[in-house]
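1. The sequence isn't on hand, but the structure is:
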């Protein structure tokens, strides 16, 4: 690693000695920023030293293209810089991550996507001391420890190839949301945004999410989905929508700067957003997750915990997060058909969920018998193909002009407005970047 760091003398920023005083002449913001490539150790282990250096150079080139930059310090996977950014620091961070999600580093014709954490502070650049290494110490402290290298280099390469397929699909407009309602007795609580990947060679959704979590890239992908759902909420003042995020994303840091700014600027949007935390991975820190859910709730958002009964959370963790809704995993409903004991287990789980959250949602309702059972056991809300089939249309638009089908399947409805047929990620819509 020391040899690699020594070779950074060969890497030059696109703008090494800019005039940082330009911030006073234009609508721009001077900041100190500490950037860290979180997966740099995994890249070095899986692809070698040259790939790690190419990744570092890609980050610096990208930053230099988006802002006026003076590099104060660099090391492997780390960049300390004084920047003059157009607009706000939050907007710059969102733009940087959006560009990195669409434009990977390249090494030997291999696409390598970077996951980058950042911490920044306002600056004046009135003296040389402003951009000394000491000025960045607190920023690095806030980033915490750098993630360890991947345990399995071969698996990491396979996962990175899968992640590249997903990000490429997003950039090319081949990532479609399928909307599925959570409802009860005809009343709709919200529509959940489910992922659909279009293409013959695309991985399954579960395989894609697993690969994104193992590579550390799920946070970048989650922000694409969050931006997509916020676009929909801003476009339609009546709809209520939910976005799924990994437990790894449930941390209040600069990854959320852009989304929080949008929610703070538009409280009506925040009140119509449900953030569903999916526990296919463990929470990095329950205390950090609790601060995250508290901050979103203060903005007006609601919180749901997905896969209740099957995920990583203990009851103590659920109490700390104080969710508005708990979603009972479909596994328990499927087993309830098999025996009285399993039905009793489902009943107790629904009862427990009701003591921990104001709303209980049972997933995987596929038949009328299951729907009647769930209602009899006291769950507030249901979700599944029997209730509403996932649709890549915008079913809330259709419902305003078409009566609800007696079969209760959303897929039987036809949209009367052309907007209902547009994919939410398309050349006409933003991908992870707003404004």
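-> Noted; the coordinates are in hand. Keep in mind the model is a prediction, meaning the values are calculated, not measured.
2. mind listing the strands for this structure?
-> For the chain, strands defined by DSSP state E occupy the ranges 28-37, 68-75, 78-86, 105-107, 110-112, 116-122, 175-184, 187-197, 241-246, 273-278, 302-308, 325-328, 359-362, 381-382.
3. now that we're looking at the nearest residue to residue 205 once chain neighbours are set aside, which residues does it contact?
-> By the measure of CB to CB, 6 or more residues apart in numbering, the closest residue to residue 205 outside its immediate chain neighbours is residue 195, 5.1 Å from it. The way it works is simple: take the backbone N, C-alpha and C, and place the C-beta from them, glycine included. By CB atoms under 8 Å, 6 or more residues apart in numbering, the contact set of residue 195 is 175, 177, 178, 205, 208, 209, 225, 244.
4. I figured the second one hits residue 391, correct?
-> It refers to residue 177. No. With contacts counted by CB atoms under 8 Å, residue 177 stays clear of residue 391, the gap being 9.7 Å.
5. ok, now which ones touch residue 142?
-> Counting by CB under 8 Å, 6+ apart, residue 142 touches residue 119.
6. Now do the same contact list for residue 50.
-> residue 107 are the contacts of residue 50 under CB under 8 Å, 6+ apart.
7. Distance of it relative to residue 264?
-> Applying CB to CB, to the nearest Å, the value for residue 50 to residue 264 is 43 Å.
8. cool, and residue 101?
-> For residue 101, the distance to residue 264 (CB to CB) stands at 23 Å.
9. Which one of these two is surrounded by more residues?
-> It is residue 101, of residue 101 and residue 264, that has more neighbours when counted by other CB atoms under 10 Å, with 23 against 13.
10. OK, contacts around the closest residue in space to the more buried one that isn't next to it in sequence?
-> Nearest residue to residue 101 in three dimensions, chain neighbours excluded: residue 220, at 5.1 Å (CB to CB, 6+ apart). With contact taken as CB under 8 Å, 6+ apart, residue 220 is in contact with 97, 100, 101, 113, 115, 167, 432.
11. quick one, domains of this protein?
-> Listed by automatic domain parsing, the domain ranges of the chain are 2-149, 154-421.
12. Would you single out the least confident of those?
-> Ranked by mean pLDDT, the domains of the chain bottom out at domain 2-149, which scores a mean of 79.
13. what's the distance between that domain and the middle of its chain?
-> Relative to the mean C-alpha coordinate of its chain, domain 2-149 is positioned 21 Å out (CA atoms, centre = their mean, to the nearest Å).
14. what do you get for stretch 320-335?
-> A distance of 20 Å separates the C-alpha centroid of stretch 320-335 from that of its chain, computed with CA atoms, centre = their mean.
15. Ok, stretch 298-314 next?
-> 15 Å.
16. Okay, now that stretch: how far is its last residue from its first?
-> For stretch 298-314, the first-to-last residue distance is 24 Å (CA to CA, to the nearest Å).
17. thinking again about what came up before, among the strands of the chain, which is nearest residue 45?
-> strand 110-112 (12.4 Å; CB to CB).
18. Any chance you could list what contacts the closest one?
-> So strand 110-112 is in contact with 43, 47, 51, 54, 55, 104, 105, 106, 160, 164, 168, going by CB under 8 Å, 6+ apart.
19. and which of the contacts of residue 220 is nearest residue 65?
-> Residue 65 lies nearest to residue 100 out of those, by CB to CB, at 11.4 Å.
20. Distance to residue 351 added to the strands of the chain, as JSON lines?
-> Formatted as JSON lines, those follow (distance: least, CB to CB, whole Å):
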{"stretch": "strand 28-37", "distance to residue 351": "45"}
{"stretch": "strand 68-75", "distance to residue 351": "54"}
{"stretch": "strand 78-86", "distance to residue 351": "50"}
{"stretch": "strand 105-107", "distance to residue 351": "51"}
{"stretch": "strand 110-112", "distance to residue 351": "48"}
{"stretch": "strand 116-122", "distance to residue 351": "41"}
{"stretch": "strand 175-184", "distance to residue 351": "17"}
{"stretch": "strand 187-197", "distance to residue 351": "20"}
{"stretch": "strand 241-246", "distance to residue 351": "24"}
{"stretch": "strand 273-278", "distance to residue 351": "22"}
{"stretch": "strand 302-308", "distance to residue 351": "12"}
{"stretch": "strand 325-328", "distance to residue 351": "11"}
{"stretch": "strand 359-362", "distance to residue 351": "9"}
{"stretch": "strand 381-382", "distance to residue 351": "15"}
